[in-house]
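> Using only what follows, build the 3D model:
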Amino acid sequence: MSMKSPFACDPDQSRGREFALEGAIARGPRSVFQRDRDRIIHSISFRRLRHKTQVFVAPDGDHYRVRLTHSLEVAQIGRVIARALGLDEDLTEALCLAHDIGHPPFGHAGEDALQAALADHGGFDHNANTLRVLMRLESPYVEHDGLNLTWEMLEGLAKHNGPVRKAPWALAELDAAYPLDLSSHASLEAQVAAISDDIAYDNHDIDDGLRAGFLTLDHLLELPSLAEQWYAIEARFPGAPRDRCQRELVRGQIGRMVNDVLAETRARLDDSGVASVAEVRAAGRALCGFSPALQVEERALKRFMYTRLYLHPEQVAAAEMARDVIACLFAAYAADPALLPSTWQERLPVANPARARVIADYIAGMTDRFAIEQYTRLTGEVPEGLRNV
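Here you go, the predicted model:
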C-alpha cells in the first residue's frame with residue numbers, strides 16, 4: 001500500500017457532512033470517503049449515466065462510450081495518478097465517478113437547451129446541477145435530503161476546475177446552506193479528477209470517432225505528436241492490423257499524458273513547498289496539470305477534435321434535434337404541469353423562477369432514451385435524426 005503524502009486529504013480529518021445525523025449506524029469498516037464513493041455507485045443518478053450522451057447522441061452501438069463508461073474510465077486514470085502521488089484514492093475515485101452526474105440528456109446539446117429555457121430564471125449549469133442532484137434531489141435517506149456527502153467531496157465537485165468566482169444560482173444556494181469556500185483552489189484529489197477527465201475524453205473520443213468513421217487515421221496524422229507516435233508504432237509492430245495499432249496509439253497517448261502529469265505535478269509541488277492540504281488550497285494556482293509543452297499539444301488536440309468530430313455536420317444536426325427535443329419538453333411541462341408525474345406535480349412551486357427550475361430538474365434527470373420516449377408520447381413524432389451512430 002502506498003504511503004500517504006502530507007498534502008493528501010485524510011478521511012479521519014474530514015470537515016464532516018452537512019447533516020450530522022448518521023453516526024449511530026456503521027455499515028462496515030469504511031472510511032468516510034469510501035462511503036462517499038459507495039453512495040455514488042449505489043445512486044439512481046449514477047445508474048442513469050449508462051443512457052446519457054458522451055460524444056454521440058443516443059448511440060445504438062454497444063461499443064460507444066456513454067457517460068457511465070466515461071466516468072469509470074476517468075476513475076481508473078484518477079486512481080493511478082492518486083496512488084502515484086500518495087493521495088487518497090477513494091476520494092479521487094468518488095470525485096471521478098460523480099463529476100458528470102449533473103449532465104442532462106444529450107450532453108452539451110441538452111445543457112444548451114436548458115440554459116435557453118432558464119435564461120430568465122438563472123440559467124442552467126451542469127456542474128452546479130451535479131451538486132444540486134447530490135445535495136438535494138437524490139434523497140434515499142429518511143433523515144435528510146441528498147446523499148449527505150463529505151465536505152471534501154462536495155468542495156472537490158464544486159471547484160475541480162478551479163476557484164468559482166461567480167457561482168450559478170444552484171451552487172450559490174447550496175454554498176449558502178453549506179459553505180464550500182468557493183474562492184480557493186480545491187484539494188489535489190479534485191485536481192487529479194479534473195485532469196483525469198481531460199485525459200480520458202481527449203483520447204477515448206478519438207477511439208469512438210475512429211469507430212464511427214467521423215475520424216480517420218489521415219486526420220490524426222495532421223497532428224505532429226500523434227503522427228510521431230503512429231510511425232513509432234508502425235516500426236514496432238510491422239504488418240500488424242491497423243485497428244489494433246490505432247488502439248495502441250490511444251493507449252500510448254493516455255500513458256504519455258499520465259506520466260507527464262505526474263512529472264509536472266511533482267515539480268510544481270516541490271517548487272511550491274506545500275506540506276498540507278490547507279497549503280494546497282491556499283497555493284493560488286493549480287498544482288496538478290500538464291507540462292507547458294504537453295499543454296500546447298493538448299489544446300491543439302482539442303481544437304482538432306472540435307473541427308473534425310464535435311462539429312462534424314452529422315454531430316451538429318443531431319445536436320440541433322436534441323435541443324429541439326429538450327425545448328419541446330420544457331415548453332410542454334411549463335404549459336401543462338399535469339403532464340408531469342404526480343410526484344413532481346406535488347413538489348412544483350407556484351411561481352418562477354423556482355417553478356421553472358423544478359421542471360428543469362425533472363428534464364435534466366432524464367436519460368437520452370427516456371427523453372426521446374417522452375417527446376414521442378407528447379408529439380406523436382419519433383425524432384429519427386437524433387441517433388447518428
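
> List the contacts of the nearest residue to Ala170 once chain neighbours are set aside.
Distances taken as C-beta to C-beta, 6 or more residues apart in numbering place Ala128 nearest to Ala170, at 4.0 Å, with adjacent residues excluded. Glycine gets a C-beta too; all of them are placed from N, C-alpha and C. Taking C-beta atoms under 8 Å, 6 or more residues apart in numbering as the criterion, Ala128 is in contact with Gly102, Ala167, Pro168, Trp169, Ala170, Leu171, Leu174.

> Inside helices: which ones of these?
Here DSSP state H is the test, and the contacts of Ala128 give Trp169, Ala170, Leu171, Leu174 as lying in helices.

> between those, which is nearest Ser45?
Using C-beta to C-beta, the shortest approach to Ser45 within the ones in helices among the contacts of Ala128 belongs to Ala170, at 14.7 Å.

> from what I can see the closest one touches Asn127, true?
No: with contact defined as C-beta atoms under 8 Å, Ala170 does not count as touching Asn127 (9.3 Å).

> higher neighbour count, those two?
Ala170 (25 against 22; other C-beta atoms under 10 Å).

> quick one: contacts for that one?
Contact partners of Ala170, counting by C-beta under 8 Å, 6+ apart, are Gly122, Asp125, Ala128, Asn129, Leu131, Arg132, Arg357.

> can you check Val80 too?
Val80 sits next to Val258 when contact means C-beta under 8 Å, 6+ apart.

> Need phi/psi at it.
Comment: the main-chain dihedrals of Val80 come out as phi -60, psi -50, following degrees, to the nearest 10.

> do you know how far it is from Ser31?
With distances taken as C-beta to C-beta, to the nearest Å, Val80 is found 20 Å from Ser31.

> Kindly report the same for Ala317.
Using C-beta to C-beta, Ala317 is found at 47 Å from Ser31.

> what's the answer for Val280, then?
Per C-beta to C-beta, Val280 is found 19 Å from Ser31.

> more neighbours, the two?
When Val280 is set against Ser31 and neighbours are counted by other C-beta under 10 Å, the residue ahead is Val280, at 26 against 16.

> Within the helices and strands, which one has the more buried one?
In this structure, Val280 sits in helix 277-281 according to DSSP states H and E.

> same deal with Arg211?
Remark: Arg211 resides in helix 188-212, with elements defined by DSSP H and E.

> Check which helices and strands that helix sits against.
Using 3 or more C-beta pairs under 8 Å, 6 or more residues apart in numbering; DSSP states H and E as the contact test, the elements touching helix 188-212 are helix 67-85, helix 89-98, helix 151-159, helix 217-220, helix 242-272, helix 292-305.

> could you say what helices and strands the shortest one packs with?
Think helix 217-220. The elements that helix 217-220 packs onto, with contact taken as 3+ C-beta pairs under 8 Å, 6+ apart, are helix 188-212, helix 224-236, helix 242-272.

> What residues of the second one count as buried?
Residues of helix 224-236 classed as buried: Ser225, Leu226, Gln229, Trp230, Ile233 (neighbour count, 16 or more other C-beta atoms under 10 Å).

> Just the pLDDT for the residue nearest to His144 when sequence neighbours are not counted.
Leaving aside its chain neighbours, His144 sits nearest to Phe19 (4.0 Å; criterion: C-beta to C-beta, 6+ apart). Phe19 is assigned a pLDDT of 95 by the prediction.
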